[in-house]
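> one predicted model, sequence on top.
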Amino acid sequence: MHLSEADTRAKLIDPVLHNRGGTEELENPYIFNAPDVVKAGGLNALKSLGEPKDIINEAKKRLFAV
């Protein structure tokens with residue numbers, strides 16, 4: 001499954017931020033086991049966009065952009 005950047009954020013990142021522990025949860029190694037993340041394609045969905053750690057770091061930068 002290939003997700004656009006917006007879909008990746010909407011399906012993988014936003015649920016974590018809203019339903020779990022905020023941005024700190026993006027650092028949690030078990031994040032990819034969360035039901036919403038698994039349902040959206042999990043780690044493979046992030047890999048389709050590039051290096052998962054880079055995608056998560058970029059999401060965090062955008063969240064805190066001033």
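Yep, that arrived.

> how far out from the middle of the chain is the lengthiest helix in the chain?
The residue-count maximum for a helix in the chain (DSSP state H) belongs to helix 52-63. Chain-centre distance of helix 52-63: 8 Å, with Cα atoms, centre = their mean, to the nearest Å.

> extract the CA atoms of stretch 27-47 and return them as CSV.
Taking C-alpha atoms only, stretch 27-47 is exported to CSV below (Å, rounded to 0.1, in the frame of the first residue of the first chain):
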residue,chain,number,x,y,z
GLU,A,27,9.8,7.9,20.0
ASN,A,28,8.2,4.8,21.4
PRO,A,29,9.6,1.6,19.7
TYR,A,30,6.2,-0.1,20.1
ILE,A,31,4.4,2.6,18.1
PHE,A,32,4.1,0.3,15.1
ASN,A,33,2.1,-2.2,17.2
ALA,A,34,-0.6,0.3,17.9
PRO,A,35,-3.9,-0.9,16.4
ASP,A,36,-4.5,2.4,14.4
VAL,A,37,-1.0,2.3,13.0
VAL,A,38,-1.2,-1.4,12.1
LYS,A,39,-4.6,-0.8,10.4
ALA,A,40,-3.0,2.0,8.3
GLY,A,41,-0.1,-0.2,7.1
GLY,A,42,2.4,0.4,9.9
LEU,A,43,6.0,0.4,9.2
ASN,A,44,5.7,-0.7,5.6
ALA,A,45,3.5,2.4,4.9
LEU,A,46,6.2,4.6,6.3
LYS,A,47,8.9,2.8,4.4
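
> and that stretch, what's its mean pLDDT?
The average of the pLDDT scores along stretch 27-47 is 81.

> got a pLDDT number for residue 66?
55.
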